[in-house]
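A.B. asks: sharing a model that was predicted from the sequence below.
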Amino acid sequence: MAQGMRRLGTPIAALLGLAVAGLVASSWLVNRDALRSAIEAQIRTVTGLDLVVKGNIDVSVFPGSYVSFHDVGLKGGGTADPALRVDVLTANLRLLPLLLQRFEIADVMMLRPQINVVRAADGVSNWTPFIQTIARTMRPGAENQMSFSEIRIQDGILAFEDTGTQAAEKLDDIDLSLAWPSISRSFAATGQFDWRGQRIEGSVSVSDFLAALSGDRSGLKMRLASPPLKLAFDGTVANRTSAVMEGTVTVDSPSLREALRWTGQTPLGAGGFGRFALRARANVVGASIALTNVNVELDGNAAEGVMTYTNNGRQTLQATLAADALDFTPYISTFRLLANGARDWNRQMFDLKALSTTDLDMRLSAARVTIGSSRLGRTAFGANLRNGVLALSVGEAQMYGGIVRGSFGVARADTVADVKAELQFTDVDLQACAGELFGVSSLSGRGNLNVSLTASGSSPFGLAQSLDGTATLNGHDGAISGFNVEQLLKRLERRPLSGSGNFRSGSTPYENLTVAVKFSDGVATADDIRVEGPTARITMTGTASVPTREYDFKGVASLPQAANGGSTFELPFVVQGPWEDPLIFPDPESLIRRAPAAAPLLDAVKDKKTRDAVRSVLERFTGGLKPAPTPQESPTPTPSETPSASDQNKPN
């Protein structure tokens, strides 16, 4: 066997030696001018493009067989300026034809090409005649039957400009391999490039390249992958009067917020817009994309429906989606009405730039909706954003055990937000409603709440300062926690000056509750607050400051008239202090008038000695809170004017 191998290797070695000798001889005998002319003719024959060579031309036959053109431009279709410029264009030659003194291109490599694409407002680009020339040249039946196996692009640059929309984009460091086995049937390209600071890997496959160049329908598969976003399309493409694509599109992103920023968009707010995935049937016509059979997921929220996106100078998104459950907490988590760790309104400026970049028309429905600590049942609502005006409408939402309807609007004027709210809460749980909307936890029961408010400001504090509108509340079968009016009135009826006691415990049940409030420049004025219960009645009037979140109310609490016709016991009282924890205390003067032993003191209060005694009584009742001295009072009473301890301990 070894002897046979040696016998077989001898002629093979001789053949290889003869081939090498032939190549060496060819390198000496080849006509380099003829080789250069043949390569230029083949490029023109295959692509229909003319080479405009401004630099040197390098020709090599052995050991490498190639022709390199420096500073090259390619143009065709009668264009004056080349649409493609290449620093070095190298045509590698096929080996066997070269031994027979035939010059055939195996593949082409373009080093540092510069591709310029300019699109006019009518849709015609400087590459239109370029592509038409290639299509005519590659049409079946044409004179040429030649093609390249591959075209490689290394360190290329593509600059795109749309004169109609004034848009401009640039791709850098392009490394592509264009598979060109049969130009009349298929085309494929794989590689990578840089766009806006991110490296993108991609692949494109066209089943009928000639049909695609001619604008006819052809199969298209495309994949693009980058750190912010992945995109895939599988379908067909045509380009008669405008680009038309039909097929399945898939989009995936670990952070939609970062993907939007990367593509030049401004997402709303600072929360949410994380994990994103979309799969749909797409129909693309020009700058419009219609998506059907949509399955979309964002921040764990999954929905189905239809979507439409257009970009005719202004971006517009329309969608109708349905979901089983939606959680909007991520999108409102960074919008704080109150400052951290305080009861003051947040003074951070609103960021309203995103309201002016996109138009939105969306319809959403869900079986369950979560907004922070709020839980909603079946909900249908819409969002419309147009020309910087955002309008939210709630057709019907199951919330707080009842039904909520209404609208909420935000209009941008420079850095100022104009807000308008119209909401109707029907048969809701007042404890949950008042607690979440107003921070008031002392009210329970069920009722109806109607709110109509307007405000304008550049921060939540600015909105609170300018709040105008009305609010009405009608409740029933509930209670007001924090004090028991019945027990308090009965105790004070028996002993009006029995001491301060504990006025901030228990609760007051009611059968009917009526509240009517008017807002003007951040001040809420209540002209009609009535609480009617089985054992006590309360009426109140006063104001509440929205910017400072404080009450200043005066009211009257009364027991129902006795069955024997006795007089009704009434007690004026005051509510003052912060919304979260107000102070509630009775009017001392009325208690003194009801005490038989102390009432004459009010008539003698003009006398200095008796005035000090009255003040001592008030101090004991109010727990040491001294009333403000009158102008006639001296700062420090004399010992003789101060009541004795025995007098203070006398029963009332």
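C.D. replies: Arrived safely. Residues are numbered from 1 along each chain as shown.

A.B. asks: going forward, measure contacts and count neighbours with C-alpha atoms only.
C.D. replies: Will do.

A.B. asks: can you pull out the helices in the stretch 101-250 of the chain?
C.D. replies: In the stretch 101-250 of the chain, helices defined by DSSP state H, counting those that start in this stretch lie at 128-138, 209-214, listed in chain order.

A.B. asks: chain center to the first one: distance?
C.D. replies: When you say that, I think you mean helix 128-138. Distance of helix 128-138 from the chain centroid (C-alpha atoms, centre = their mean, to the nearest Å) equals 44 Å.

A.B. asks: could you do stretch 214-232 as well?
C.D. replies: Here the centre of stretch 214-232 is set off from its chain's centre by 26 Å, with C-alpha atoms, centre = their mean.

A.B. asks: let's have the helices of the stretch 101-250 of the chain in CSV, adding mean pLDDT, mean neighbour count and distance to Gly377.
C.D. replies: Output for the helices of the stretch 101-250 of the chain, formatted as CSV (pLDDT from 0 to 100; neighbours: other C-alpha atoms under 10 Å; distance: least, C-alpha to C-alpha, whole Å):
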stretch, mean pLDDT, mean neighbour count, distance to Gly377
helix 128-138, 76, 20, 56
helix 209-214, 83, 22, 51
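
A.B. asks: so for Asp173, which of these sits nearest?
C.D. replies: Distances from Asp173 to each of the helices of the stretch 101-250 of the chain were compared using C-alpha to C-alpha; the minimum, 23.2 Å, belongs to helix 128-138.

A.B. asks: elements contacting the closest one?
C.D. replies: With contacts defined as 3 or more C-alpha pairs under 8 Å, 6 or more residues apart in numbering; DSSP states H and E, helix 128-138 has these neighbours: helix 32-47, helix 209-214.

A.B. asks: can you do 10 Å?
C.D. replies: Here helix 128-138 touches helix 32-47, strand 66-75, strand 105-119, helix 209-214, going by 3 or more C-alpha pairs under 10 Å, 6 or more residues apart in numbering; DSSP states H and E.

A.B. asks: check whether Ala259 sits in a helix, strand or coil.
C.D. replies: Applying DSSP: H, G, I helix; E, B strand; the rest coil to Ala259 yields a three-state assignment of helix.

A.B. asks: just give the closest residue to it, not the sequence neighbours.
C.D. replies: Spatially, and ignoring its direct neighbours in sequence, Ala259 is nearest to Pro228 (5.1 Å; C-alpha to C-alpha, 6 or more residues apart in numbering).

A.B. asks: show me the contacts for that neighbour.
C.D. replies: If you count contacts by C-alpha atoms under 10 Å, 6 or more residues apart in numbering, Pro228 has them with 198-200, 252-263.

A.B. asks: can you do 7 Å?
C.D. replies: Remark: with contacts taken as C-alpha atoms under 7 Å, 6 or more residues apart in numbering, Pro228 is in contact with 253-255, 258-259.

A.B. asks: between these, which sits nearest Asn283?
C.D. replies: Comparing the contacts of Pro228 against Asn283 with C-alpha to C-alpha picks out Ser253 as the nearest, at 21.4 Å.

A.B. asks: okay, now that closest one: neighbour count?
C.D. replies: Using other C-alpha atoms under 10 Å, Ser253 has 21 other residues around it.

A.B. asks: ok, what's across the strand from it?
C.D. replies: For Ser253, the beta-bridge partners are Phe276 (DSSP bridges).

A.B. asks: and what of Glu201?
C.D. replies: As assigned using DSSP bridges, the partners bridged with Glu201 are Gln192, Ala225.

A.B. asks: now the helices for the protein?
C.D. replies: Taking DSSP state H as the test, the helices found in the chain are 2-29, 32-47, 95-99, 128-138, 209-214, 256-262, 329-332, 430-438, 460-465, 485-494, 588-594, 599-603, 608-621, 645-648.

A.B. asks: and the last one, average pLDDT?
C.D. replies: So the one you mean is helix 645-648. Along helix 645-648, the predicted local confidence has a mean pLDDT of 42.

A.B. asks: repeat that for the first one.
C.D. replies: For helix 2-29, mean pLDDT is 59.

A.B. asks: what would the contacts of Pro228 look like in JSON lines with distance to Val204?
C.D. replies: Output for the contacts of Pro228, formatted as JSON lines (distance: C-alpha to C-alpha, whole Å):
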{"residue": "Ser253", "distance to Val204": "20"}
{"residue": "Pro254", "distance to Val204": "23"}
{"residue": "Ser255", "distance to Val204": "25"}
{"residue": "Glu258", "distance to Val204": "25"}
{"residue": "Ala259", "distance to Val204": "22"}
